[in-house]
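Colleague: pasting the structure only:
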């Protein structure tokens, strides 16, 4: 009975040694780098751009008008059309707006009506840059931001908003979720380790099993000067084994 028990214990020890293993430090080492990424929503302001296609003079009535706006409430306009053969005034005299009179004749072509409109507006204000292609005038507000669209009101002209004006956006900073953080390690300009980590719901990331050496962490951010992308980087020196290193927080724009 004793011999049988001893034999059983020996067998257990042999089998156990076959299936147990020690977590040895491999090529990656056992150090880690962790940190957080924060993001701020950003968007540029834009100017309103309006295309107006003009009609022949015989389609315009004395006193017809349309309105043109900017983000500045003190720079709102109505453009009205005056036929000199009429004795009565056609000015609608809208309150809170600057009236711009355009003289026309029923015999004017669509291009002549466009020419007269362009000249009258440029003589009154400089808050629009105006380009012309035949009977189409393109009005670009020199004041950026959101504004009410131009309207034909009683005129026979066609209007198209080529670009909606928009206010600039700079949101509140928040944690960056599912944002890519890149890490590279190399010597003599040769990359020997390259990895990517997607941030968690807390904006955190963690690279593990790192050997000694110098690592470059990178994230992409919106360039708030031109709208393109820029790379933000920092260097972490791993000089100890089994050590957790904390990176400086990344702050990016989207």
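Modeller: It's in. Keep in mind that this is a model prediction, so the values were computed, not measured. Numbers count the residues shown, from 1 in each chain.
Colleague: Count the neighbours of residue 96 for me.
Modeller: For residue 96, the neighbour count with other CB atoms under 10 Å is 8. In this view, the C-beta of every residue, glycine as well, is placed from N, C-alpha and C.
Colleague: Can you name the residues that contact the closest residue to it other than its chain neighbours?
Modeller: Setting aside the residues directly before and after it, residue 96 is nearest to residue 76 in space (CB to CB, 6 or more residues apart in numbering), at 6.5 Å. Counting by CB atoms under 8 Å, 6 or more residues apart in numbering, residue 76 touches 67-70, 96-98.
Colleague: try 7 Å
Modeller: 69-70, 96-97 (CB atoms under 7 Å, 6 or more residues apart in numbering).
Colleague: Around residue 62, how many other residues sit close by?
Modeller: For residue 62, the count of nearby residues is 16 (other CB under 10 Å).
Colleague: Hmm, it is touching residue 90, no?
Modeller: Yes. At 4.6 Å, residue 62 and residue 90 qualify as touching, with contact defined as CB atoms under 7 Å.
Colleague: which residues do these two both contact?
Modeller: In contact with both residue 62 and residue 90: 81-82, using CB under 7 Å, 6+ apart.
Colleague: Excluding sequence neighbours, find me the nearest residue to the residue most central in space within the chain.
Modeller: A centroid search over the chain (CA atoms, centre = their mean) returns residue 43, at 4.3 Å, as the residue closest to the centre. Excluding the flanking residues, the one nearest residue 43 by CB to CB, 6+ apart is residue 169, at 4.0 Å.
Colleague: Could you report the neighbour count for that neighbour?
Modeller: Count around residue 169 with other CB under 10 Å applied: 11.
Colleague: tell me the phi and psi of residue 115?
Modeller: Torsion angles at residue 115 (phi, psi; degrees, to the nearest 10) stand at phi -60, psi -50.
Colleague: Pull out the buried positions in stretch 77-97.
Modeller: 77-83, 97 (16 or more other CB atoms under 10 Å).
Colleague: now these as TSV including secondary structure, pLDDT and distance to residue 195?
Modeller: Converted to TSV, those look like this (DSSP: H, G, I helix; E, B strand; the rest coil; pLDDT from 0 to 100; distance: CB to CB, whole Å):
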residue	secondary structure	pLDDT	distance to residue 195
77	strand	98	58
78	strand	98	62
79	strand	98	61
80	strand	98	67
81	strand	98	68
82	strand	98	72
83	coil	97	75
97	coil	97	61
